[in-house]
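**Student:** make a model of this:
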Amino acid sequence: MIRLALAVIAVMSMSGSLLLAQNSTPKIELFGGYSLFNADSGNLTPTTLYNALHEPNGPFAVATNFNGWNAEGQYNINHLLGLVVDGGGRYGSQITQSRLGLATVSGLPKGNGYSLMVGPVLSYRTKSRMTPFAHVLFGFDRISLSASAISGVTFPAVSVGASSTDASLAIGGGLDVRVFRRFSLRAAQLDFDETTHNLNHFYGDAFPAGAFASLATHERNWRVSTGFVVNF
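**Tutor:** The predicted model follows:
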């Protein structure tokens, strides 16, 4: 009897906790904040650029970290399962000037990237102020390079501009910390993001005079985001 009573009390406690979590679950959650995007260079290296653009003096370098933003709109079906729409942007070109180069290079193309994805999200809600979550997102990613004329190099190169839109998949999660009833801090969100840009075509379109043949057709990127969540 004592064991049965303890079991009943445990079940009632768990049910009450779940009911409280369900009753306190917001229907809509809106997130916005800063993101740091670590982009896979896809085998693009200074040597690759030297060879493709016929520059013998080492004027180029390759960047991988870009500042940007991340925003989400989440609809909660119940206290556990929701549907999220995720958008993000980052800014900067992977082609930069080498600090070791002898020449001062100008006119390097500017770049940016944007993504739009949607997918399910699982949230673990309790009486605690902390709500961990995990999601799987599917959608599209678009990268662009501007038209430009690179000078300060042995053989000036011209970028006619290029863009590529391909599929993307992100798997990740994070932790929200409630500050007020309808206001939370997203302490961190980490996503592994895979895209399917054919970088040979992308850089070949940007630099018609170049020869790119050994670059990746799938990129494995990482994104870290933080910001604020408003609940409704």
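**Student:** any idea of the pLDDT on L19?
**Tutor:** Each residue has a pLDDT score; the one for L19 is 40.
**Student:** any weak-confidence spans in this protein?
**Tutor:** 1-23, 101-103 (pLDDT under 70).
**Student:** now do 80
**Tutor:** 1-24, 56-58, 99-103, 209-210 (pLDDT under 80).
**Student:** quick one: the strands in it?
**Tutor:** Using DSSP state E, the strands of the chain run over residues 28-38, 60-62, 65-76, 81-91, 95-97, 111-123, 130-150, 157-180, 183-195, 219-231.
**Student:** tally of neighbours for G161?
**Tutor:** The burial count assigned to G161 is 13, neighbours taken as other Cβ atoms under 10 Å. For the C-beta atoms, the positions are set from N, CA and C on the backbone; glycine is no exception.
**Student:** what's the nearest residue to it if we skip its chain neighbours?
**Tutor:** Once flanking residues are discounted, G161 sits nearest to A147: 3.8 Å by Cβ to Cβ, 6 or more residues apart in numbering.
**Student:** surely that neighbour and P109 touch.
**Tutor:** Yes - proximity of A147 to P109 meets the contact threshold set by Cβ atoms under 8 Å, at 7.2 Å.
**Student:** overlap in contacts of those two?
**Tutor:** S159, G161 (Cβ atoms under 8 Å, 6 or more residues apart in numbering).
**Student:** with neighbour numbers in mind, choose between those two.
**Tutor:** Shown here are A147 and P109; by other Cβ under 10 Å, P109 has more neighbours (22 against 12).
**Student:** quick revisit: show me what contacts the residue nearest to G161?
**Tutor:** A147 touches P109, S159, V160, G161, counting by Cβ under 8 Å, 6+ apart.
**Student:** same question for A188.
**Tutor:** If you count contacts by Cβ under 8 Å, 6+ apart, A188 has them with G174, L175, V224, S225, T226.
**Student:** for stretch 39-51, measure first residue to last.
**Tutor:** 22 Å (Cα to Cα, to the nearest Å).
**Student:** for the residue nearest to G161, give the beta-bridge partners.
**Tutor:** Here A147 sits in beta bridges with V160, going by DSSP bridges.
**Student:** got a markdown table for the strands of the chain, with distance to F202 too?
**Tutor:** Converted to a markdown table, those look like this (distance: least, Cβ to Cβ, whole Å):
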| stretch | distance to F202 |
| --- | --- |
| strand 28-38 | 17 |
| strand 60-62 | 14 |
| strand 65-76 | 16 |
| strand 81-91 | 16 |
| strand 95-97 | 12 |
| strand 111-123 | 10 |
| strand 130-150 | 7 |
| strand 157-180 | 5 |
| strand 183-195 | 11 |
| strand 219-231 | 11 |
